[in-house]
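In: Turn this into a structure:
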Amino acid sequence: MPHAASRSELKHLIALALVVATATGCGPRSYLYVGSSVPAIEIFDITPGTNGVPQMARTSGAAPSLATIGDPGAMKVVGRSLYVAGGSGSVAQFSIDAASGALTLRGTVPAGSPPYAMAATQTTAYVANRGSNNISVYTIDTAGNLTNVQTAAVNGVNSLQIDGTPGKFLFTGSRVSGTTGPQVCTHTIQANGSLGATPNCVAVSGAPVTMQVSGGVLSLLFNAIVPPSISNTNWVSAWTIDPATGALTHRGADLDIGAANTGGMAVSTNGQTLYIPRQGGFTTVGAADPLTSAMVTFPPTASQWCLLPPPGPGEVLADPTGKAIYTTDPLGAVTGNYIGPRVSALEIVAGGGLKAITCDTAGKLPQSMAMFIP
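Out: Numbering: from 1, shown residues only. Presented below is the predicted three-dimensional model:
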C-alpha cells in the first residue's frame with residue numbers, strides 16, 4: 001500500500017501544480033486596461049505564456065460605458081478595484097472580475113477637472129487636476145471605496161508619483177500657472193494619507209510631463225519648454241531623494257534625447273532602464289549616473305492586425321515580471337492592412353533592449369493604462 005504523502009511532499013506538489021497552471025494558461029490571469037477618448041475602456045489579457053513573457057490578447061470581458069464619466073485621463077488599479085479619473089470631473093470606481101477581467105461600476109466620487117495623472121498606495125489615491133490647480137486625495141477602505149479627505153492646492157499640476165509603498169512622499173510636477181513657474185515639489189504624506197501643508201519645491205527649466213521613482217532617484221521627462229542648455233525639446237533629468245525629508249538634489253547632467261515627439265516613461269523592475277516611446281521607436285535611458293541613451297527601432301512588420309512598432313508616442317507601462325512593456329499609439333498610421341491607433345506589447349530582452357511581440361487596435365485616442373496583477 002503506498003504511503004501517505006508527507007507535508008513537504010504536498011507543498012512540493014502544490015507548488016509544481018501552480019507552475020504548470022501558470023505555464024499552461026490555467027493560473028491567475030493578468031489584465032491590461034486601456035482608456036481612450038471614445039470614451040471607453042478596452043481590456044487585454046497579459047497573462048505570461050509558456051516562456052514567461054506576457055503576451056497580449058483582447059478579452060471578451062465586459063467593459064461598461066464611460067458616457068457619463070468622460071474621457072479617462074488617468075487610471076490606477078489597487079487590489080481588485082480600477083479607478084478611472086474622467087474628464088467630467090469625477091473618479092469612477094470599478095470592481096474587477098479576477099477570472100475574466102470584466103469591470104462592474106460601483107459608483108463615482110467628485111474630483112477636479114481635467115485630471116492628468118493618478119498615483120496610489122494600498123490605502124490612498126491621488127488625482128492631479130491641472131485645470132483645477134489641485135490634487136484630490138481619497139482614502140481607500142477595505143472594500144475599495146473612495147472617500148475624499150483633502151483637496152490640496154497645487155498650481156498647474158500635471159504629473160505625480162509616490163516614493164514607494166506605503167509611501168512617505170508624493171512628488172508633483174507643475175507647468176507655469178499664473179505667477180508660479182514650472183517646478184517639482186515634495187509633499188509629505190500624513191498618517192491619514194493627506195498631504196502636508198507646506199511642500200518643498202524646486203524650480204525646473206520646463207514642465208515635467210511624467211516622472212518615475214526608483215532606487216531613491218526621481219527621474220523626470222520634459223518635452224514642453226526648451227532650457228538654454230539643451231537645443232532640442234525632450235530631455236531627462238535625475239534627482240536624488242533625501243530619504244528623511246524627501247528633498248530633491250539635482251543629480252549629474254540632464255540628458256538630451258532628441259526632438260521627436262515623446263509620450264510617457266516607464267522604469268524597468270531592476271531600476272536600470274527608462275523606456276520612453278517616441279516617433280519611430282523607443283529611447284532607452286540608462287539610469288546610472290551619468291545618464292546615457294540609445295534609440296531602439298524595429299523593421300516594419302505588417303500584418304492583418306497592425307504595424308510594429310507604433311509610429312506615434314503614447315503612454316507606457318512596465319510589466320512587474322520585468323519581461324515586457326506595453327505602450328499606446330494615439331496617432332496610428334496607414335500601412336499594410338492596418339489604419340489607426342493601437343496598443344502594443346514588447347518583450348524586454350538582454351541589456352534592456354526591446355523586441356516587438358504583438359499589437360491590437362485601440363480607441364480613438366488611447367490616453368491612459370493600468371494593470372491588474374493578481
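
In: Give the closest residue to residue 215 in space, chain neighbours not counted.
Out: Distance criterion C-beta to C-beta, 6 or more residues apart in numbering; nearest residue to residue 215, sequence neighbours excluded, is residue 271 at 4.4 Å. Yep, even glycine has a C-beta here, placed from its N, CA and C like the rest.

In: Report the beta-bridge partners for residue 186.
Out: In this entry, residue 186 is beta-bridged to residue 171, residue 200, by DSSP bridges.

In: where does the residue nearest to residue 215 fall, helix, sheet strand or coil?
Out: Under DSSP: H, G, I helix; E, B strand; the rest coil, residue 271 falls in the coil class.

In: contacting residues for it?
Out: Contacts for residue 271 were tallied using C-beta atoms under 8 Å, 6 or more residues apart in numbering; they are 214-215, 287.

In: again with residue 146
Out: 83, 91, 93, 109, 125, 138-140.

In: Now, those residues that are in strands?
Out: 83, 91, 93, 109, 125, 138-140 (DSSP state E).

In: got CSV for the residues you listed, with distance to residue 165 too?
Out: What follows is the ones in strands among the contacts of residue 146, written out as CSV (distance: C-beta to C-beta, whole Å):
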residue, distance to residue 165
83, 17
91, 21
93, 21
109, 23
125, 13
138, 17
139, 16
140, 13
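
In: circling back: would you mind measuring from the residue nearest to residue 215 to residue 168?
Out: 18 Å (C-beta to C-beta, to the nearest Å).

In: ditto for residue 176
Out: On the measure of C-beta to C-beta, residue 176 and residue 168 end up 28 Å apart.

In: Residue nearest the middle of the protein, spatially speaking?
Out: In the chain, the residue lying closest to the centroid (C-alpha atoms, centre = their mean) is residue 317, at 4.7 Å.

In: Test of understanding: give the bridge partners of that residue.
Out: Applying DSSP bridges, one finds that residue 317 bridges with residue 326.

In: mind listing what it touches?
Out: By C-beta under 8 Å, 6+ apart, the contact list for residue 317 reads 32, 266, 325-327, 369-371.

In: where's the dip in pLDDT among the residues you listed?
Out: Checking pLDDT across the contacts of residue 317, the minimum falls on residue 327 at 90.

In: pLDDT score for the nearest residue to that one once chain neighbours are set aside?
Out: Nearest in space to residue 327, with sequence neighbours left out and distances taken as C-beta to C-beta, 6+ apart, is residue 316 at 4.4 Å. Per-residue pLDDT puts residue 316 at 93.

In: Next: residue 364.
Out: Value listed for residue 364 in the pLDDT field: 82.
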